[in-house]
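# sequence unknown, structure follows:
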């Protein structure tokens, strides 16, 4: 990739492990070169560096940067609208005008591939020492393979032309080695998804046979259940509804939904006091990042974006999410509602919280949508049951809905907006369905707009020529 071509081998290795100047690693991962990797413990420290890459400000870390894979997909869709408090740092993305030389787009691309290459160092080295402890080797390599698949899928969501299995549209380069001189070609969407599934299937096989639990006490690493959650999301995007339902069900059977009777635990998810229904989180220590600060930065009391008023009106007073996600905050004597969901840990107001990558509520929504779109046998009944289960777990005195057909599909889409608000889904949900945005402000993005598939960064093309997306 462009990021790596013109640097010395030594600096390349240090870059991979310590990150660029924007990386927020309070506990820097293991510095290494391949000659100094002596055992699986060394490989495990490299794996820690791969996870740390997800805290980059352009991945999940934010700290007033793009935070490309956390809150940005909500900002550039119709979930939020810009306020007078905004510094307009994301204006070219917010209003769909970015070109291939847009710095934020290059940084988001770079953050992803830096994490991928770090995962590849684990994958390429673990087998050297696998004989000393095969089950430990499985635990390390399985996580790295899943990370590689997951991050590539995130890239595909922005830069791929579409998501359908077998799609001939332009996909992404799939980086499977650590060689800075190897420049992978751009694959089709279908070929990109095939690579993702190869890694996911291998990860599932390995993580089913490990030396110890991957997660002990929190959900900060990728275990077998996390891989199945990733698989459920990927399958829904490519309209493989059978696998979407099956994988979502397997996850639901392991990690239950937070129920209304335990509403305190649900509220405490957002201040990191509760692990209820958490499948995978990217964990942040103090000072390492504020994943949603480009929407509301509580330390500075600046709300650059507010929840779209029409969406805000969809939350009733009986909905426990209303006061959990949205609260009035006073600034310069004026009260205005802000996204309060990621304000910080209990007693703090710094925006520093663990990023919730997967929750069980998403699995219910995946299973419901996949069922109603498959629409065979009792699918519609089961879809409505899942939707009502989720709504009944969030809304006091809820009367079950009776939607059918298109109304049921629309109700599931609305519930995704309400439940996953600010969690990085909305742009991609619109892209994989009707590809039309009509904001309350009057801004519109039609289905044929070039911005649905982001431009490959100009600097990347200078080093690794590949087909550019249409319109750029």
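Nice, I can see it. Please read these numbers as outputs of a predicted model, since none were measured by experiment.

# summarise which helices and strands the helix or strand that contains residue 195 is packed against.
Using DSSP states H and E, residue 195 maps to helix 189-207. Secondary-structure packing of helix 189-207 (3 or more CB pairs under 8 Å, 6 or more residues apart in numbering; DSSP states H and E): helix 134-159, strand 170-173, helix 224-237. C-beta: built from backbone N, CA, C; applies to glycine.

# could I get these as JSON lines with mean neighbour count and distance to residue 317?
As requested, the helices and strands packed on helix 189-207 are exported to JSON lines (neighbours: other CB atoms under 10 Å; distance: least, CB to CB, whole Å):
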{"stretch": "helix 134-159", "mean neighbour count": "24", "distance to residue 317": "34"}
{"stretch": "strand 170-173", "mean neighbour count": "24", "distance to residue 317": "44"}
{"stretch": "helix 224-237", "mean neighbour count": "25", "distance to residue 317": "32"}
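
# wait, which of those is closest to residue 334?
helix 134-159 (35.8 Å; CB to CB).

# could you check the angle the closest one makes with helix 189-207?
160 degrees (axes from the mean of the first three to the mean of the last three CA atoms, to 10 degrees).

# pull out the buried positions in the helix holding residue 195.
189-193, 195-197, 199-200, 202-204, 206-207 (16 or more other CB atoms under 10 Å).

# before we move on, back to that, nearest to residue 458, out of the helices and strands packed on helix 189-207?
Closest among these, using CB to CB: helix 134-159, at 13.6 Å.

# tell me the mean pLDDT for the closest one?
Mean per-residue pLDDT for helix 134-159: 98.

# same thing with stretch 313-321?
The model assigns stretch 313-321 a mean pLDDT of 98.

# list the contacts of that stretch.
The contact list for stretch 313-321 (CB atoms under 8 Å, 6 or more residues apart in numbering) reads 260, 263, 266-267, 322, 325-326, 394-398, 414, 417-419, 421.

# that one: end-to-end distance?
12 Å (CA to CA, to the nearest Å).

# likewise stretch 461-470?
OK, stretch 461-470 end separation, CA to CA: 14 Å.

# cool, and stretch 72-80?
10 Å.

# do the same with stretch 263-275
End-to-end for stretch 263-275, by CA to CA: 13 Å.

# for it, buried residues please.
263, 266, 267, 268, 269, 270, 271, 272, 274, 275.

# reformat those residues as CSV; add secondary structure and pLDDT.
As requested, the buried residues of stretch 263-275 are exported to CSV (DSSP: H, G, I helix; E, B strand; the rest coil; pLDDT from 0 to 100):
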residue, secondary structure, pLDDT
263, helix, 95
266, helix, 97
267, helix, 97
268, helix, 97
269, helix, 97
270, coil, 97
271, coil, 97
272, coil, 96
274, coil, 96
275, coil, 96
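
# farthest pair within those?
263 and 272 (17.0 Å).

# got any ranges where the stretch 51-200 of the chain has weak pLDDT?
63-65 (pLDDT under 70).

# please enumerate the helices of the stretch 1-150 of the chain.
With DSSP state H, counting those that start in this stretch as the criterion, the stretch 1-150 of the chain has helices at 9-18, 40-53, 72-75, 91-94, 103-126, 134-159.

# tell me which other helices or strands the fourth one touches.
Right, the one you point to is helix 91-94. Looks like helix 91-94 contacts helix 72-75, helix 103-126 (3+ CB pairs under 8 Å, 6+ apart).

# what's stretch 264-282 in contact with?
Here stretch 264-282 has contacts from 51, 54-55, 60, 218-222, 225-226, 229, 251, 255-258, 262, 320, 324, 341-346, 353-361, 363, 393-394, using CB under 8 Å, 6+ apart.

# before we move on, the earlier item: would you list the helices and strands packed on helix 91-94 in JSON lines and tack on mean neighbour count and distance to residue 145?
Shown next, in JSON lines, are the helices and strands packed on helix 91-94 (neighbours: other CB under 10 Å; distance: least, CB to CB, whole Å):
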{"stretch": "helix 72-75", "mean neighbour count": "24", "distance to residue 145": "25"}
{"stretch": "helix 103-126", "mean neighbour count": "24", "distance to residue 145": "6"}
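
# identify whichever of those lies nearest to residue 241.
Of all the helices and strands packed on helix 91-94, helix 72-75 comes closest under CB to CB, at 22.6 Å.

# what does the closest one rub up against?
66, 80, 90, 93-94, 108, 294-295, 305, 421-428.

# so for residue 443, which of the helices and strands packed on helix 91-94 sits nearest?
helix 72-75 (12.5 Å).

# hmm, back to that, could I get the helices and strands packed on helix 189-207 as JSON lines with distance to residue 287?
Listed next are the helices and strands packed on helix 189-207 as JSON lines, based on distance: least, CB to CB, whole Å:
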{"stretch": "helix 134-159", "distance to residue 287": "24"}
{"stretch": "strand 170-173", "distance to residue 287": "33"}
{"stretch": "helix 224-237", "distance to residue 287": "26"}
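
# for the stretch 301-450 of the chain, which segments are assigned as helices?
Secondary structure of the stretch 301-450 of the chain (DSSP H, counting those that start in this stretch): helices located at 309-312, 320-325, 360-374, 379-392, 405-419, 426-431.

# quick one on the thing from earlier: including distance to residue 442, could the helices and strands packed on helix 91-94 go into JSON lines?
Compiled in JSON lines, the helices and strands packed on helix 91-94 are given as follows (distance: least, CB to CB, whole Å):
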{"stretch": "helix 72-75", "distance to residue 442": "17"}
{"stretch": "helix 103-126", "distance to residue 442": "24"}
